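Build the 3D model from these lines:
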Amino acid sequence: GILLTFTYLLIRNSRKNNKETTEEEEQEPAEKPKPVVLSIGFTLLGLVGLYFGAEWLIKGAVGIAESFHMEKRIIGLTVVAFGTSVPELVTSAVAAFKKETDISIGNLIGSNIFNIMAVIGVTAMVKTTEVDAEVVSSDIWWMALISLALLPLMIIGKTVGRLKGFMLVSTYIIYISLII
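Numbering: from 1, shown residues only. Purely as a prediction, here's the structure:
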């Protein structure tokens, strides 16, 4: 419910801002849209690939956890998290390279909001999910503190450059080192 409200408000405000912007600027000629059938085909192909990719990722992660005698939580926080974040990393890097920083930052913030609200929400609606005590006592606090630390990093200077990027990657490395 919170995600739906957030999404509605985001779209409403975006349309309002876009309407104001388009009134001020000249419209460029629109690109010819792709055929709907082609878009539907690509979407279905992507969903099939996503299903099998998720199956393989989970089986591989469980196999790694078992072979190294590691907790599945650690594999989830490292291998699975990395595997599911690579598309976001590539998308954000390409957007940043093309100087589309709003897309880059929006993608990262949006995916985190979606993961917290929709992924956990839908998963819990499908099957009750137990939260490991270690997650409550440690991991959730790391997530909260890092999220809070990100706020001043983005506000100060209103840019995220190499130094701030290095600080974020270093924090991740420290976190992973501590949990392993």
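
Tell me how many other residues surround residue 92.
Counted with other CB atoms under 10 Å, residues neighbouring residue 92 total 20. C-betas here are computed from N, CA, C, even on glycine.

which ones are touching it?
By CB atoms under 8 Å, 6 or more residues apart in numbering, residue 92 lies in contact with 103, 104, 105, 107, 108.

got a pLDDT number for it?
At residue 92, the model reports a pLDDT of 80.

which one is it nearest to, not counting chain neighbours?
residue 104 (4.3 Å; CB to CB, 6 or more residues apart in numbering).

measure that neighbour to residue 152 for me?
From residue 104 over to residue 152 the distance is 19 Å, taken as CB to CB, to the nearest Å.

Among those two, which residue is more densely surrounded?
Using other CB under 10 Å, the more surrounded residue of residue 104 and residue 152 is residue 104, with 20 against 9.

hang on, the earlier thing: which ones among the contacts of residue 92 lie within helices?
Judged by DSSP state H, the subset of the contacts of residue 92 located in helices is 103, 104, 105, 107, 108.

Going through the residues you listed, which ones are buried?
103, 104, 107, 108 (16 or more other CB atoms under 10 Å).
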